[in-house]
Each structure stands twice: as C-alpha cells, then as structure tokens.
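Chemist: Sequence first, then the predicted structure:
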Number of protein chains: 2
Amino acid sequence: MPEEPNVGLLLFIAYRAMEKRVLDAVVDAGFDITPAQARVFQRIGPDGTRLGDLAEQAQVTKQTAGFLVDQLERAGYVERVPDPTDARARLVRIAERGRQAMPIAAAVVVEIEAEWTAHLGQRRMADLRDALTRLREITDPYARRPTQ
Amino acid sequence: MPEEPNVGLLLFIAYRAMEKRVLDAVVDAGFDITPAQARVFQRIGPDGTRLGDLAEQAQVTKQTAGFLVDQLERAGYVERVPDPTDARARLVRIAERGRQAMPIAAAVVVEIEAEWTAHLGQRRMADLRDALTRLREITDPYARRPTQ
DNA sequence: TTGACTGGTACGATTCTCTGACTAAATTTA
DNA sequence: TAAATTTAGTCAGAGAATCGTACCAGTCAA
C-alpha cells in the first residue's frame, strides 16, 4: 500500500492538512475550539440545524453531538432555540462568538484553496472540486435527502 | 457554507464514507479493530515501520501511536521487532492476524473504488486520484521526505 | 567522554464516543 | 379520540483516544 495509496488514504491526508491549518488559525486567534467541536459547528446551517441532523452529518451519535454542542454553547459559540415547527426539537444556531470565529476560518480556507489551486492549476482544482461534489451523491446519505 | 461546501468538507465526506465501509467489513469478518487502530495499522510498511514514523503519518503523538500499537499487538495484529539499524528503535510489523485481515480490507477498497469509478467515469476518477496524489506533495509533510 | 539529540515509554488528565434507558412531543392507527 | 408507535432529545455510565510532561536509553558529534 505505501507504493500506491488507496484513494481513501489520499483523501484523508488532504482533509487532515486543511482541518489542521484552519483549526490552528482559529485557535491562534483566541477561539478555543477542538476538532470534534469544529466538525459539528461547521455543519450548522444559516437558520440553525437540529441536533439530530448535526449528528447525522457529522457521523456521530446524537449523544455525542449533544455533548459537543453543550460545550460550544457554554463557550458562547452556539445557542439552542426552540424549533417553531416541532416542540420536541430545538435548533442549534450560531451565536455571537461563533459568528466572530467564522471569518477567520473562512480566510484560511480561501488561502489554502488558493495554494492548492496554485499547485494543481485551475483546471485540476476545479475538476477536483467537481469530482468530490459528484461523489457526495453516493457517499453522503444526508445529502441525498432534500434539506427540508 | 452549506450552499457550497469547502473542499475540506467534501474531502471529509468521501473519506469518511470509505473508512466506515472498510472498517465495517473488517469488523463483520470477525476482526475487532477500531478506527483509530486502523488508521495506524494502515500505515505500516511491508518491512515494518518505526513508531515515530507511524505517529507522524497518522498525525498523532508518539504516545497515542504507542497506545494503539499496544492494543494491536495484544490482539495479534502486529508485532514489535528490534530495528537492526538502531538499538533504540523498534519496528512495528504486521503479524499473522493482521495479515489475514488485509485482503478483506483490500477487497472492499477495490469494490468502493469501482463504484466511484462507475459514478464518476474512468477519466474523472483517474483525475481525482491524480489530483490527490499531487496534492500530497504539499499537504503531507511526511511524503516530502524520502522513505529512508 | 561528555553533551546534545533521538526513539520510545510511563503517568495523569481531558476529551470524545458509544450503549442503554428514559421523557416528552408528534404522528399514526384503530 | 384514545392508544400505540415513532421521533427529538437528554441522562448516566463506561470505554476509547488523545495529549502534555517527565523520563530513560541509545546514538552521534565535538
């Protein structure tokens, strides 16, 4: 395998590199957040997202997602508000402190994507994004469902 | 971000899908192994790999890698042998039980890659692999170093 | 041969994750 | 409409993964 790594490993290497840099930047900027918390946070939609949906997208149990959201909430990154459409549910929404952290993460993502584009060339980078997006149709059970 | 996920998230989704299926298959075949253990195991080279190298490649500390290798060793998947070139070091090598598990994982990888190829087309799949391999040059600090 | 460096381990503390059991609201069924 | 079922989420407890600090032993250079 070291001779010709499978695609899974290649995906992991690139993913991990981006995650690490983004997280380091956010942490350096004074936002103490862990990788697991970030993986959940990242999935919160503009209008809030239910815990169960977050769990499903982040591929963890509801309990784990709840545990992480508790921490994010205590740190002021997110808040839980009642879901107007279902009294059982609550929506996890990005709160003030979370909103402050987002541009920092976004900037690093832009920076890294620029580096990758420089290395691969525009064409290959666009193709990469395209391939991954298409792949999502068969690898992301969540994506197959309409978002509401 | 939910509107147009960044490449990091796309990488994660595909990676996670493959990891899960491979691991499920291996576990179903009676090999009890955890994701963290598998991530280390996967990096062991044909002639054995030092603990520190495994740690670096799997992006964990030496202690964590040691902890996981301990478990893999106890379960019979790997063994530690002295490194003939350095008395301080030991090589982690795949042992009998580990060797038995490998074809199962390999078969699932082949299966998944075939599915992905069917979905994307040969060309796009080849391009994806190519792009990820190139990307490794700038995202995998370990890869930049000659293997010995 | 001494001092700096390297490969690895030991210990202790946190963080992450899961299973199982439970409450309450919504939905379906009879 | 009352009962049964499903769905959203929480609680409690346990096990797995991870890290930081400190440490030991072997190597290497001066």
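Modeler: Happy to help now that I have it. Residues are numbered from 1 along each chain as shown, chains lettered A, B, ... in the order given.
Chemist: What does the residue nearest the centre of chain A show for phi and psi?
Modeler: Residue closest to the mean C-alpha point of chain A, counted by Cα atoms, centre = their mean, is residue A:42 at 3.3 Å. Phi and psi for residue A:42, reported as degrees, to the nearest 10, are phi -50, psi -30.
Chemist: So what's the residue count around the closest residue in space to it that isn't next to it in sequence?
Modeler: Leaving aside its sequence neighbours, residue A:42 sits nearest to residue B:9 (Cβ to Cβ, 6 or more residues apart in numbering or on different chains; 6.6 Å). For glycine as for every other residue, the C-beta is placed from the backbone atoms N, C-alpha and C. Using other Cβ atoms under 10 Å in any protein chain shown, residue B:9 has 23 neighbouring residues.
Chemist: ok, now the one 3 residues further on?
Modeler: Applying the criterion other Cβ under 10 Å, we find 25 residues in the vicinity of residue B:12.
Chemist: so what's residue A:87 up against?
Modeler: Residue A:87 makes no contacts at all, as judged by Cβ atoms under 8 Å, 6 or more residues apart in numbering or on different chains.
Chemist: so which strand or helix has it?
Modeler: Residue A:87 is part of no helix or strand when elements are defined by DSSP states H and E.
Chemist: cool, and residue A:111?
Modeler: For residue A:111, the host element (DSSP H and E) is helix A:96-120.
Chemist: Wondering if that helix reaches chain B at all.
Modeler: Yes. Part of helix A:96-120 sits near chain B under the criterion Cβ under 8 Å from any Cβ of the partner chain, namely A:106, A:109, A:112, A:113, A:115, A:116, A:119, A:120.
Chemist: packing partners for that helix?
Modeler: Applying 3 or more Cβ pairs under 8 Å, 6 or more residues apart in numbering or on different chains; DSSP states H and E, we find helix A:96-120 packed against helix A:7-28, helix A:122-139, helix B:7-28, helix B:122-139.
Chemist: quick check: angle from the second one to helix B:7-28?
Modeler: What that stands for is helix A:122-139. 40 degrees (axes from the mean of the first three to the mean of the last three Cα atoms, to 10 degrees).
Chemist: buried residues in helix A:122-139?
Modeler: A:124-125, A:127-129, A:131-136, A:138-139 (16 or more other Cβ atoms under 10 Å in any protein chain shown).
Chemist: Now cross-check those against chain B and list the overlap.
Modeler: Restricting the buried residues of helix A:122-139 to those near chain B by Cβ under 8 Å from any Cβ leaves A:124-125, A:127-129, A:131-136, A:138-139.
Chemist: Go back to these and keep what's next to DNA strand D.
Modeler: Contacts with DNA strand D within those, as defined by Cβ under 7 Å from any atom of the strand: none are present.
Chemist: Where does pLDDT dip in chain A?
Modeler: A:1-3, A:143-148 (pLDDT under 70).
Chemist: so which of the residues of helix A:96-120 next to chain B is the most crowded?
Modeler: The most crowded member of these is residue A:116, carrying 23 neighbours; neighbours defined as other Cβ under 10 Å.
Chemist: In contact with it: list those residues for me.
Modeler: Shown in contact with residue A:116 (Cβ under 8 Å, 6+ apart): A:125, A:128, B:7, B:135, B:138.
Chemist: can you rerun that using 10 Å?
Modeler: Counting by Cβ atoms under 10 Å, 6 or more residues apart in numbering or on different chains, residue A:116 touches A:14, A:17-18, A:124-125, A:128-129, B:7, B:131, B:134-135, B:138-139.
Chemist: contacting residues around the spatially closest residue to residue A:128 that is not a sequence neighbour?
Modeler: Nearest non-adjacent residue to residue A:128, counting by Cβ to Cβ, 6+ apart: residue B:131, 4.4 Å away. With contact taken as Cβ under 10 Å, 6+ apart, residue B:131 is in contact with A:10, A:14, A:116, A:119-121, A:123-125, A:127-129, A:131-132.
Chemist: How about the residues of chain A by DNA strand D?
Modeler: Contact residues (Cβ under 7 Å from any atom of the strand) of chain A with DNA strand D: A:50-53, A:62-63, A:66, A:69, A:80, A:83, A:86, A:88-91.
Chemist: and if we set it to 6 Å?
Modeler: A:50, A:51, A:52, A:62, A:63, A:66, A:86, A:88, A:89, A:90 (Cβ under 6 Å from any atom of the strand).
Chemist: most neighbours, which of those residues?
Modeler: Highest neighbour count within the residues of chain A next to DNA strand D, by other Cβ under 10 Å: residue A:51, with 20 neighbours.
Chemist: Which phi and psi values does the residue in chain A positioned nearest to DNA strand C adopt?
Modeler: At 2.7 Å from DNA strand C, residue A:34 is the closest residue in chain A, using Cβ to the nearest atom of the strand. Dihedral angles of residue A:34 (phi, psi; degrees, to the nearest 10) stand at phi -100, psi 160.
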